[in-house]
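>>> Take this sequence and fold it.
(one chain, ligands or ions: 1)
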Amino acid sequence: MDTYQSFNASGVAGVAGVAGVAVAEASASVWWFKVVVTFLAVVLAYDQLVYKMNKGNIAGSTWKWYPIIGPFMESLDPKFEEYKAKWDSGPLSCVSVFHKFVVIASTRDLSRKIFSSPAFVKPCVVDVAVKILRPSNWVFLDGKAHGDYRKGLNPLFTKQALQIYFPAQEKIVDAYLKKFLAMGETEGATQFFPHFREFLCAISLRTFCGEYISEEQIKLVADNYYKVTAALELVNFPIILPFTKTWYGKKIADETMKIFEGCAAKSKEHIAGGGAPICVMDEWIESMVIARKKEAAGDATSTEAKLLIRDFSNREISEAIFTFLFASQDASSSLACWLFQIIADRPEIATKIREEQLRVRNNDLSTPVTLDLIEEMAYTNACVKESLRYRPPVLMVPYVVKKKFPVTDSYSLPKGSMVVPTLYPALHDPEIYTNPDEYNPDRFMQDPTGSTTNPSEARKNWLVFGTGPHVCLGQTYVMMLFTFMLGKFLLEAELQHEVTPLSEEIKVFATIFPKDDLILKFQKRDPTKV
Ligand code: HEM
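The predicted model follows:
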């Protein structure tokens with residue numbers, strides 16, 4: 001009994017002790033629970049409140065339906081139809097993802113205003129882009145520093161300079177045309193999206209680096225470049241962890257810049273030895289040499305003196321050349337896919353292009369193609385322009401707001417927010433373009449702006465290449481190259497497109513592509529016939 005009692009007594013005491021501890025622990029965990037719940041409630045309320053305040057009177061959901069993350073999951077797999085619904089919801093509309101406030105501008109006047117307000121905005125780059133393109137890269141410059149650097153780069157893409165690169169481009173176009181025709185014979189219709197990406201990459205690399213880059217290096221870059229695109233998607237994990245998308249992207253970017261560094265060294269030797277420029281690197285390096293000579297002779301203008309009379313290191317050149325590849329690769333591949341799909345589906349337009357191609361050459365196919373001859377190809381050029389209007393490769397361009405920006409009379413963009421001027425809505429504005437969802441190159445033959453109803457206003461709608469201080473550096477290059485390519489391919493090949501229910505649907509992968517990746521066949525034809 002004693003034993004039992006004492007056991008019982010100690011047991012009771014033990015139970016009481018345990019219960020006491022349990023009560024203390026329970027109340028501690030209740031306290032923690034309360035703290036956590038209160039903290040979460042404050043964070044959620046703050047997030048919603050800030051959203052409401054930033055939103056003001058513009059379109060957007062009344063509350064963030066998915067607290068904190070907002071439409072994050074949708075942004076992982078962007079859909080054209082969801083973008084379009086957003087553009088149609090109002091001239092200014094907003095979302096908030098992870099407390100990042102994003103405003104979308106969907107009219108041409110608002111888009112132009114944003115593009116042309118460098119005092120308030122600068123291009124927005126995802127955090128990981130700075131790591132991949134490197135912080136020292138010129139694309140991250142802003143304001144006057146950016147403007148000065150740009151002045152040094154603009155001469156590399158004038159018509160005069162493009163004339164120099166043209167022979168190298170023509171060689172690549174011929175080589176790939178041969179390849180595509182052979183593929184047509186052996187494989188029939190195949191998915192052309194990857195082939196066009198490789199082709200455009202090869203053209204860019206020869207244009208930028210001439211013969212300094214080897215076939216193997218071109219193949220290496222062309223095969224892997226898509227990893228850079230994937231790493232630079234707008235939504236991505238900001239820290240580079242091994243074997244993730246961003247890690248592979250950085251690896252390829254570093255390897256590519258290393259190749260470009262080697263090319264820059266060879267180009268410097270070539271120009272120092274008195275060689276004539278044949279590629280973008282040569283042209284840049286020669287312009288530095290000329291500016292230095294002028295300075296020595298005492299007749300350098302102040303701009304030249306500032307921009308060019310310093311030795312750009314091979315590393316610096318490689319970084320700038322990488323940005324050209326980065327800016328051109330996806331947009332040019334997108335244009336190629338849509339342009340050739342559209343023309344293959346419209347034989348009457350193909351016939352008109354062939355007529356023009358023979359006419360400008362006086363029916364003599366041995367006529368050398370020069371940039372002057374390309375300028376005579378008005379109809380072929382209108383087909384490229386209309387493709388860019390109908391399916392603009394770049395739908396929107398993200399900018400970041402540097403200081404509070406009164407973008408309309410009733411709304412100011414908050415400092416630190418992201419603002420996204422759109423291009424697609426302006427290029428499909430029914431007040432400017434009759435039947436905007438119809439592909440009609442004749443609109444650009446009737447008027448250079450593409451609008452007979454409102455030509456004076458239409459000039460403002462041509463936002464395919466952006467506008468303002470960051471307007472695309474390569475726009476003349478794009479128009480010249482694609483006009484030439486379209487003419488050449490159509491003379492030499494019959495394009496057979498296998499139309500699927502997804503052909504006209506738009507897939508978003510940095511730029512836009514047909515959802516079925518374009519199933520196409522090139523078939524040899526007699527180039528002397530229309
Ligand atoms: C179909 C092809 C192309 C399209 C649709 C396109 C479109 C654009 C757009 C919309 C921008 C942003 C402009 C802005 O913020 O105002 C841009 C910038 C840029 N593009 Fe292109 N682009 C194309 C091809 C190229 C090519 C071939 C190059 C090669 C050199 C290039 C080089 C650049 C550069 C360097 C910038 C940044 C300019 C700066 O920040 O100063 N682009 N492009």
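
>>> can you give me the strands in the stretch 201-350 of the chain?
Ranges of strands in the stretch 201-350 of the chain, per DSSP state E, counting those that start in this stretch: none exist.

>>> so where's it shaky on pLDDT?
For the stretch 201-350 of the chain, the stretches flagged by pLDDT under 70 are 234-238, 300-310.

>>> what does it put close to the ligand?
Thr323, Phe324, Ala327, Ser328, Ala331, Ser332, Leu335 (CB under 6 Å from any ligand atom). C-beta here means a position set from N, CA and C on the backbone, and glycine is covered the same way.

>>> Keep only those of those residues that are in helices.
Counting by DSSP state H, those place Thr323, Phe324, Ala327, Ser328, Ala331, Ser332, Leu335 in helices.

>>> which residues does Ala202 contact?
By CB atoms under 8 Å, 6 or more residues apart in numbering, the contact set of Ala202 is Ile172, Tyr176, Ile218, Ala222.

>>> do Ala253 as well
Ile132, Leu133, Val228, Ala231, Phe322.

>>> Could you export the residues you listed as JSON lines, including neighbour count?
Formatted as JSON lines, the contacts of Ala253 follow (neighbours: other CB atoms under 10 Å):
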{"residue": "Ile132", "neighbour count": "22"}
{"residue": "Leu133", "neighbour count": "22"}
{"residue": "Val228", "neighbour count": "27"}
{"residue": "Ala231", "neighbour count": "25"}
{"residue": "Phe322", "neighbour count": "23"}
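
>>> From those residues, pick the one nearest the ligand.
The closest of the contacts of Ala253 to the ligand turns out to be Phe322 (CB to the nearest ligand atom; 10.4 Å).

>>> I'd say the closest one and Lys258 touch.
No: Phe322 is beyond contact range of Lys258, at 10.4 Å (criterion: CB atoms under 8 Å).

>>> Which residues of the stretch 351-500 of the chain lie near the ligand?
Residues of the stretch 351-500 of the chain found near the ligand (CB under 6 Å from any ligand atom) are 393-394, 397, 464-468, 470-474, 477-478.

>>> And the buried ones among those, selectable in ChimeraX?
In ChimeraX, this line selects whichever of these come out buried by 16 or more other CB atoms under 10 Å:
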select :393,394,397,464,465,466,467,470,472,473,474,477,478
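
>>> which of the residues of the stretch 351-500 of the chain next to the ligand lies closest to Asp372?
Each of those was checked against Asp372 using CB to CB; the closest is Tyr477, at 16.0 Å.

>>> okay, the helix or strand containing that closest one in PDB with CA atoms only?
Using DSSP states H and E, Tyr477 falls within helix 475-492. Written as PDB, here are the backbone C-alpha positions of helix 475-492 (Å, rounded to 0.1, in the frame of the first residue of the first chain):
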ATOM      1  CA  GLN A 475      16.200  47.700 -86.800                       C
ATOM      2  CA  THR A 476      17.800  48.700 -90.200                       C
ATOM      3  CA  TYR A 477      19.800  45.400 -90.000                       C
ATOM      4  CA  VAL A 478      16.600  43.400 -89.500                       C
ATOM      5  CA  MET A 479      14.700  45.000 -92.300                       C
ATOM      6  CA  MET A 480      17.500  44.700 -94.800                       C
ATOM      7  CA  LEU A 481      18.400  41.100 -93.900                       C
ATOM      8  CA  PHE A 482      14.800  39.800 -93.900                       C
ATOM      9  CA  THR A 483      13.900  41.600 -97.100                       C
ATOM     10  CA  PHE A 484      16.900  40.000 -98.800                       C
ATOM     11  CA  MET A 485      16.300  36.600 -97.200                       C
ATOM     12  CA  LEU A 486      12.600  36.400 -98.100                       C
ATOM     13  CA  GLY A 487      13.300  37.300-101.800                       C
ATOM     14  CA  LYS A 488      16.100  34.800-102.100                       C
ATOM     15  CA  PHE A 489      14.200  31.900-100.400                       C
ATOM     16  CA  LEU A 490      11.100  32.500-102.500                       C
ATOM     17  CA  LEU A 491      13.000  32.500-105.700                       C
ATOM     18  CA  GLU A 492      14.800  29.300-105.000                       C
END
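
>>> Tell me where the model's unsure across the protein.
For the chain, residues meeting the criterion pLDDT under 70 lie at 1-24, 72-73, 234-238, 300-310.

>>> Please identify the helix or strand for Val400.
Assigned by DSSP H and E, Val400 falls within strand 399-401.

>>> packing partners for that strand?
strand 121-123, strand 418-421 (3 or more CB pairs under 8 Å, 6 or more residues apart in numbering; DSSP states H and E).

>>> Could you pick out which of the contacts of Ala253 are located in helices?
Per DSSP H, the contacts of Ala253 map to helices at Ile132, Leu133, Val228, Ala231, Phe322.
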